[in-house]
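Asks: need a structure here:
(4 chains)
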There are 2 protein chains.
Amino acid sequence: MERDLPPPAEQLRTAGLRVTGPRIAVLTELQAHPHADAETILSASRARLGSLSTQAVYDVLRVLAGAGLVRRIEPAGSPARFETRVADNHHHVVCRRCGVVADVDCATGEQPCLHPSETHGFAIDEAEVVYWGLCPQCAAAQVS
Amino acid sequence: MERDLPPPAEQLRTAGLRVTGPRIAVLTELQAHPHADAETILSASRARLGSLSTQAVYDVLRVLAGAGLVRRIEPAGSPARFETRVADNHHHVVCRRCGVVADVDCATGEQPCLHPSETHGFAIDEAEVVYWGLCPQCAAAQVS
DNA sequence: CGCTAAACTTGACTCGTTCCAGATTCGGTG
DNA sequence: CACCGAATCTGGAACGAGTCAAGTTTAGCG
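Replies: This is a model prediction of the structure:
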């Protein structure tokens, strides 16, 4: 499931971005723990570097998202989460109870539902699918 | 496109909810202007009633959503929006630029993408699809 | 018609995130 | 290897959206 990704420093250089400690720390952390929110990334990266400011993390995440190195997802009722799987068209399952997120490969090939029946004249460029349900742990907890 | 809905008071009674001014005002406003956010609903309902507290609107919306009379949607980067189309399985197109929302009927029948390739053991009960793009107005504005 | 739980009011407050301004550090080109 | 501008820091204030808590009103049953 985890593909080999180029090391963070190389990713940054390829994207034409400066290679800095905070950026490497954030990218590394995100590759290790996908779907983390800003606060989680902050504390993990801070531990990794010794110190790191809140703004630095938000700045870095915005830059990385702008460069296409990370993707920002915002499930309803949850703070924004980030992931490094960007190239492939995949979707997410979100647990209604604990909010945990898992990746789901696209059900119907490449661009799945990108062609709705009627578009109202919109120029559509992305179809985002979120599956809602209960993760195994929460489902078990609910029964008992 | 707009189906005949029972009047708000009747909807409330049928759902076993008390019939109050704020609830009728919110439902009426929402039927007239789907995809409105809480703030818009608040000011419109306030105008309709003379006065209405912020909290009342959030309370009413939560109760109505809980009773299944309205549906809450939260496109990323936008405050929560509400609509009265609840029974049918339909999705939304959201404009990246201005945030306007439009309804889209489900492309592939009843429960469209409700069966992803791999569920990671999740008990999935809903598939939510959001199409991202540009509305006709914003697309035109971008070209010029 | 009167009671009571449900609904509403008011106002303080949380959370996640952004912005601001100036001081400082640091990556990478010349 | 020195410089320059981008990146980051400190820390603060501010934001929008929504919630909590405690007191007051009211719908609707009996």
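Asks: Does residue A:19 belong to a helix, a strand or coil?
Replies: With DSSP: H, G, I helix; E, B strand; the rest coil as the basis, residue A:19 sits in coil.
Asks: Quick check: it touching residue A:11?
Replies: No: between residue A:19 and residue A:11 there is no contact under Cβ atoms under 8 Å: 9.4 Å. Every C-beta, even on glycine, is put in place using the N, C-alpha and C of the backbone.
Asks: These two: which has the busier surroundings?
Replies: residue A:11 (21 against 12; other Cβ atoms under 10 Å in any protein chain shown).
Asks: quick one, what contacts that one?
Replies: A:5, A:27, A:69 (Cβ atoms under 8 Å, 6 or more residues apart in numbering or on different chains).
Asks: And for the last one, the neighbour number?
Replies: Other residues lying near residue A:69 total 23 when counted by other Cβ under 10 Å.
Asks: Shouldn't it be within a strand?
Replies: No: assessed by three-state DSSP, residue A:69 does not belong to a strand; its assignment is coil.
Asks: What residues does it make contact with?
Replies: With Cβ under 8 Å, 6+ apart, residue A:69 has these contacts: A:11, A:12, A:15, A:27, A:84, A:86.
Asks: The strand or helix carrying the second one near DNA strand C at all?
Replies: Looking back up the chat, that one is residue A:12. According to DSSP states H and E, residue A:12 maps onto helix A:8-14. Yes: if you take Cβ under 7 Å from any atom of the strand as the test, helix A:8-14 does meet DNA strand C, through A:12, A:13.
Asks: Report the next helix or strand after that helix in sequence order.
Replies: helix A:21-32.
Asks: and that following helix, which residues are buried?
Replies: Neighbour counts over helix A:21-32 (16 or more other Cβ atoms under 10 Å in any protein chain shown) mark A:22, A:23, A:24, A:25, A:26, A:27, A:28, A:29, A:30, A:31 as buried.
Asks: helices and strands around that helix, which ones?
Replies: helix A:8-14, helix A:38-49, helix A:54-66 (3 or more Cβ pairs under 8 Å, 6 or more residues apart in numbering or on different chains; DSSP states H and E).
Asks: and the closest residue in space to residue A:75 that isn't next to it in sequence, how many neighbours?
Replies: Distances taken as Cβ to Cβ, 6 or more residues apart in numbering or on different chains place residue A:94 nearest to residue A:75, at 4.7 Å, with adjacent residues excluded. When neighbours are defined as other Cβ under 10 Å, residue A:94 has 26 of them.
Asks: ditto for the one 10 residues further on
Replies: Under the neighbour criterion other Cβ under 10 Å, residue A:104 is assigned a count of 21.
Asks: element containing it, please.
Replies: Per DSSP H and E: strand A:101-105 holds residue A:104.
Asks: pretty sure residue A:60 is touching residue A:26, no?
Replies: Yes: counting by Cβ under 8 Å, residue A:26 is a contact partner of residue A:60 at 4.9 Å.
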